[in-house]
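Q: Output the structure for:
(chains A, B, C and D)
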Number of protein chains: 2
Amino acid sequence: MPAKREPDQTRKSLLVAAFWEIYQKGYQAAAIDKILEETGVTKGALYHHFKNKKDLGLTVVDEIIGGIVLQPWLEACADASQPIEACAAAFRHHLNEHERYIIELGCPLNNLAQEMSPVDEDFRERINAVYRKWQAALAGLVARAQACGRVREGLDPERVASYIVSSFEGIIGMAKTTQSREFLDAGLEGLEAYALSLQPEPQS
Amino acid sequence: MPAKREPDQTRKSLLVAAFWEIYQKGYQAAAIDKILEETGVTKGALYHHFKNKKDLGLTVVDEIIGGIVLQPWLEACADASQPIEACAAAFRHHLNEHERYIIELGCPLNNLAQEMSPVDEDFRERINAVYRKWQAALAGLVARAQACGRVREGLDPERVASYIVSSFEGIIGMAKTTQSREFLDAGLEGLEAYALSLQPEPQS
DNA sequence: AGCCGAACATACTGTTTGGTATGTTTCGTG
DNA sequence: CACGAAACATACCAAACAGTATGTTCGGCT
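A: Numbering: from 1, shown residues only, chains lettered A, B, ... in the order given. Here you go, the predicted structure:
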């Protein structure tokens, strides 16, 4: 029972189905036919909306994955009245919220990044664009924390943000690999220890 | 001009070629025919030594990747007269040594882990076995550092090791994604900051 | 009403790929 | 030297897959 003719709806459902297929199997192993089967859309319709598989994949990065990954961080970094604490809270909240999928399937952005970066420059660029936004938001947070005297001066916010993002993705990746929460917990503990080490020496 | 008949040599060359093919494209996208072309071995020979593609892949994990990844760490963790410093040194040495490939292709173990963990339980187990050895070596290092009073008591060596491994793989992954050394440097800086935070408070 | 392009549907193609069936050659052993 | 198994070689297959050619239907605009 396909609703008569709703191009936006059709397009969106294709993107969502493609996202899940890619999230589960990776881009290269993602099967177009599976996406069609899942949505009930036909091949003609798909190739009307997207010019090929790569176009579909890149659009998934831009319109689906970008939003999913960035949203919680942009929020958390924006209203941070208490920078580091808010960040750590957003951290844990985000992980708890999606723990199920994160342990089973990892981070959709990192998955694609690891698979496609060496293999396709266009994918790499789109993925990097998302990472840069994430990193920029975190760097802004750190800079503000410095302004408040909650983070030591002399640290480069960009580099600190780099490390946090790297570490975060690494933690999620290991949780996926081990299929357990242990690496998640141990990782958060470690990252918080690192965050504490950013604070200025208490002037006792 | 195939050397008359050297089964071990043939097998080994297949494993090495398979390693590179998998390292570059991932397991699922790795082409058997490419491996045959690269080695000059024929299909009949390959399927004589390995019962299928999966068997080949799993053997690559066990006999090639395991060694490559573990060797430098096991060495560094073994003779550590100065635990943390030796570890950090092995760190940097390892990265510098293989910087080229690491930035371009990442960590072969982590690549496979991210690709295969959600998709194939057998791969996940083999990969995890390697990670556990790595983690165990690091945990041993931390434990000894505790015994020497160089690392605070009350920290769980296993969890600390978990975090370091996670973080390390995350850093390499981001270096690959961005195709730059920046994340590598920023990551090492961050990890060293973390390592310092493990030390006992200086009793001033 | 009529028309034209956007939005779909169906059937097919060409290639790539892992895997196999079958044949041949080498080598250690009795 | 015979002989049997291991080590290789060749030709082929069947399925999966992205992509296309072609046809049909809807819906807005004049």
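Q: Need phi/psi at the nearest residue to residue A:178 once chain neighbours are set aside.
A: Distance criterion CB to CB, 6 or more residues apart in numbering or on different chains; nearest residue to residue A:178, sequence neighbours excluded, is residue B:128 at 6.1 Å. For glycine as for every other residue, the C-beta is placed from the backbone atoms N, C-alpha and C. The phi/psi pair for residue B:128 (degrees, to the nearest 10) reads phi -60, psi -30.
Q: thought residue B:128 was touching residue A:177?
A: Yes: in this structure residue B:128 lies within contact range of residue A:177 using CB atoms under 8 Å: 6.5 Å.
Q: who has more neighbours, those two?
A: Neighbours of residue B:128 and residue A:177, each counted by other CB atoms under 10 Å in any protein chain shown, are more numerous for residue A:177; the result is 26 against 18.
Q: helix or strand for the more buried one, which one?
A: Here residue A:177, judged by DSSP states H and E, is contained in helix A:157-178.
Q: what's whatever helix or strand comes next after that helix packed up against?
A: Once the chain leaves helix A:157-178, the next helix or strand it forms, by DSSP H and E, is helix A:182-197. Applying 3 or more CB pairs under 8 Å, 6 or more residues apart in numbering or on different chains; DSSP states H and E, one finds that helix A:182-197 contacts helix A:83-97, helix A:99-105, helix A:157-178, helix B:157-178, helix B:182-197.
Q: Just the C-alphas of the host helix or strand of residue A:57, formatted as PDB.
A: According to DSSP H and E, residue A:57 maps onto helix A:53-60. Taking Å, rounded to 0.1, in the frame of the first residue of the first chain, the C-alpha atoms of helix A:53-60 are listed here in PDB:
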ATOM      1  CA  LYS A  53      24.900   3.800  -4.700                       C
ATOM      2  CA  LYS A  54      27.700   6.300  -3.800                       C
ATOM      3  CA  ASP A  55      25.300   9.200  -4.100                       C
ATOM      4  CA  LEU A  56      23.000   7.500  -1.700                       C
ATOM      5  CA  GLY A  57      25.800   6.700   0.700                       C
ATOM      6  CA  LEU A  58      27.100  10.200   0.700                       C
ATOM      7  CA  THR A  59      23.700  11.600   1.300                       C
ATOM      8  CA  VAL A  60      23.200   9.300   4.200                       C
END
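Q: Residues touching it, excluding its own?
A: With CB atoms under 8 Å, 6 or more residues apart in numbering or on different chains as the test, helix A:53-60 has contacts from A:14-15, A:18-19, A:22, A:27, A:30, A:32, A:46, A:50, A:120, A:122-123, A:126.
Q: my guess is residue A:171 meets residue A:188, correct?
A: Yes: with contact defined as CB under 8 Å, residue A:171 reaches residue A:188; the gap is 7.4 Å.
Q: of the two, who's got more company?
A: Taking other CB under 10 Å, residue A:171 and residue A:188 do not tie; residue A:171 has more neighbours (28 against 17).
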